[in-house]
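A.B. asks: next comes the sequence, and after it the predicted model I'd like to discuss.
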Amino acid sequence: MTVIKSMRQQVLLLFMGYAVGMGLLYLALTTIIAYVVEDHMIYSLLKIEASYVQEHHKSTGKLPESRLSFGSIHPSSGLDVAAELEQVLKNNFGKAIVEVAADDNEIFTSDDEHYHYQLIQLEGGQQVYLIAEVSALLVVSKSPVLLQLFLAGFVITLLLAFLLALKMTSKTVKPVLQLAGAVKEKQPLPSLQYELGYLSQTLSEAFEEKARALQRERDFSSDVSHELRTPLTVLSNTLTLAERRPLTESDIQQLRHIDQQMQQTVDTLLALARQESLHEESIYLAPVLEQTLMDCSLAANKELDLNMAVPERLAINANSSLLALLFTNLINNALYHGDSNQLSIIVDDGMLIFQNQSNKAMPANLLDIGVKGDDSPGIGQGLYLVARILEAMKMTYQIQQADGLFSVKISL
């Protein structure tokens, strides 16, 4: 059976384990220190009294009475300390010794009384024992109040540690849980602090880049489907004619042109999808517009009433394939979605303007993918691709519909 079911529980358990361990450690250290202080105090008292006995004997030649109410002085014959102390306690106190701890100068009796002794060297080689019954001074072991205070302090420490562990767990784990929850629910990642903030930002950038890459792949598929319709239509028409008569040199040239156009279109759209650098050069606008107009009219089998006022020597720095794709979509927009076959292409005040008649209601988000007019036969890709091409070529633009005219203005 799994008790720990979340990282929060695991961290809380670790904090509590640490708090309990530290509490027990400090309780043990406190108890040890209390015993050490207690022993040191008794040792100091006996040492002071031993000094008094030595000084008194030196000055008077006699042994004094112990100033300690719980102490007494007994002569020593210099024999075995344990045997001698046992005899002293039996004769003077009627006590049976259980153990003599010579290292600590302690005597343990059968009735749980506790004695400390001090062997005092006097002048003339004489030795005496200073023996003190120190049970009343054993505050740590004999006083339950002190032990209760220690235990109460330990419990209070544990409660404070538990509250602190809850707060620390919430503070340390909550951001991680927020991050994990956002990833699980596919929500925007939260803004966090410190290393988690860096992780959240890095993950957000990675997810956004992944989303952009997937969108570029979808755009590429839609762009190819949209852009190859025109050359494929011309190709189909030419092949239909070829069934009725032999291919002329003009037909062959047209097929070659269509093949080259489709290859360039696919390469350009692929480079646009991968955000690759596209070669730019100085291009005259008029010849590109004229060639695109002929290709689009031939594919649509429509004649345009064209008003074109573009200077012959007007050139811009651009990628030729992107520019051709841009003009193809703008001209096809007029051919397929305009109210008439009239199209105006002019240059005015540094702007290249495409304008055709249209009284159709246009959606507000016309440049979004898949958005089109109610009666449009298209897939809503043309103007979306136009916007992306203009952004790739770093050109500003305006799209307007007013007074029955649909206009696209591009800064040159």
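C.D. replies: Sure, I can see it.

A.B. asks: quick one: low-confidence parts of this structure?
C.D. replies: 1-5, 143-144, 146, 221, 223, 226-227, 264, 275-277, 361-382 (pLDDT under 70).

A.B. asks: for the longest helix seen in it, name the packing helices and strands.
C.D. replies: As assigned by DSSP state H, the longest helix anywhere in the chain is helix 7-60. Helices and strands touching helix 7-60, by 3 or more C-beta pairs under 8 Å, 6 or more residues apart in numbering; DSSP states H and E, are strand 71-76, strand 114-121, strand 127-133, helix 139-142, helix 144-185. From N, CA and C alone the C-beta is placed, and that goes for glycine too.

A.B. asks: can you list those in CSV and add mean neighbour count and distance to residue 199?
C.D. replies: What follows is the helices and strands packed on helix 7-60, written out as CSV (neighbours: other C-beta atoms under 10 Å; distance: least, C-beta to C-beta, whole Å):
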stretch, mean neighbour count, distance to residue 199
strand 71-76, 17, 71
strand 114-121, 19, 62
strand 127-133, 20, 67
helix 139-142, 16, 52
helix 144-185, 13, 7
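
A.B. asks: neighbours of residue 384, how many?
C.D. replies: By other C-beta atoms under 10 Å, the residues close to residue 384 number 23.

A.B. asks: turn the helices and strands packed on helix 7-60 into CSV, columns for distance to residue 47.
C.D. replies: Listed next are those as CSV, based on distance: least, C-beta to C-beta, whole Å:
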stretch, distance to residue 47
strand 71-76, 12
strand 114-121, 7
strand 127-133, 9
helix 139-142, 19
helix 144-185, 25
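
A.B. asks: to residue 11, which of those lies closest?
C.D. replies: Among the helices and strands packed on helix 7-60, helix 144-185 comes nearest to residue 11, with 4.9 Å by C-beta to C-beta.

A.B. asks: just how off-centre is the next helix or strand after the closest one within its chain?
C.D. replies: Beyond helix 144-185 on the C-terminal side, the first helix or strand identified by DSSP states H and E is helix 194-227. Here the centre of helix 194-227 is set off from its chain's centre by 19 Å, with C-alpha atoms, centre = their mean, to the nearest Å.

A.B. asks: what's the first helix or strand after helix 194-227?
C.D. replies: Sequence-wise, the next helix or strand downstream of helix 194-227 (DSSP H and E) is helix 229-242.

A.B. asks: pull the residues that contact that following helix.
C.D. replies: Contacts to helix 229-242, defined as C-beta atoms under 8 Å, 6 or more residues apart in numbering, come from residues 247, 251, 254-255, 258, 261-262, 265, 295-296, 298-301, 328, 332.

A.B. asks: after it, which helix or strand is next?
C.D. replies: Counting by DSSP H and E, the next helix or strand C-terminal to helix 229-242 is helix 249-273.

A.B. asks: any idea how far the closest residue in space to residue 352 that isn't next to it in sequence is from residue 257?
C.D. replies: Counting by C-beta to C-beta, 6 or more residues apart in numbering, residue 410 is the residue found nearest to residue 352 once chain neighbours are left out, at 4.6 Å. Computed as C-beta to C-beta, to the nearest Å, the residue 410 to residue 257 distance reads 26 Å.

A.B. asks: more neighbours, the two?
C.D. replies: Comparing residue 410 with residue 257 by neighbour count (other C-beta under 10 Å), the higher total belongs to residue 410, at 21 against 14.

A.B. asks: next, that one: secondary structure please.
C.D. replies: On the three-state scheme (DSSP: H, G, I helix; E, B strand; the rest coil), residue 410 is labelled strand.

A.B. asks: in the sheet, who's paired with it?
C.D. replies: Applying DSSP bridges to residue 410 gives these bridge partners: residue 352, residue 397.

A.B. asks: how close does it sit to residue 399?
C.D. replies: Taken as C-beta to C-beta, the span from residue 410 to residue 399 is 10 Å.

A.B. asks: ditto for residue 53
C.D. replies: Residue 53 sits 113 Å away from residue 399, going by C-beta to C-beta.

A.B. asks: who's more crowded, these two?
C.D. replies: residue 53 (21 against 16).

A.B. asks: now do the same contact list for the more buried one.
C.D. replies: 63-64, 66, 73, 120, 122, 128, 130.

A.B. asks: repeat that for 7 Å
C.D. replies: Residues near residue 53 by C-beta atoms under 7 Å, 6 or more residues apart in numbering: 63-64, 73, 120, 130.

A.B. asks: same thing with residue 345?
C.D. replies: 289, 308, 310, 354.

A.B. asks: A strand includes it, no?
C.D. replies: Yes: secondary structure of residue 345 (three-state DSSP): part of a strand.

A.B. asks: hey, what's it bridged with?
C.D. replies: Where residue 345 sits in a bridge, its partners, by DSSP bridges, are residue 308, residue 354.

A.B. asks: how about the helices of the stretch 301-412 of the chain, start to end?
C.D. replies: 320-337, 382-392 (DSSP state H, counting those that start in this stretch).

A.B. asks: so which of those helices comes closest to residue 201?
C.D. replies: Across the helices of the stretch 301-412 of the chain, residue 201 has its closest neighbour in helix 382-392 (24.9 Å, C-beta to C-beta).

A.B. asks: quick check: buried residues in that closest one?
C.D. replies: Buried residues in helix 382-392, counted by 16 or more other C-beta atoms under 10 Å: 382-390, 392.

A.B. asks: neighbours of residue 41, how many?
C.D. replies: There are 13 residues near residue 41, going by other C-beta under 10 Å.

A.B. asks: equivalent analysis for residue 200, please.
C.D. replies: Look at residue 200: counted by other C-beta under 10 Å, it has 21 neighbours.

A.B. asks: now, which of the buried residues of helix 382-392 sits nearest residue 157?
C.D. replies: Residue 157 has its nearest neighbour among the buried residues of helix 382-392 in residue 388, at 65.1 Å by C-beta to C-beta.

A.B. asks: check the gap between that closest one and residue 220 for me.
C.D. replies: 11 Å.
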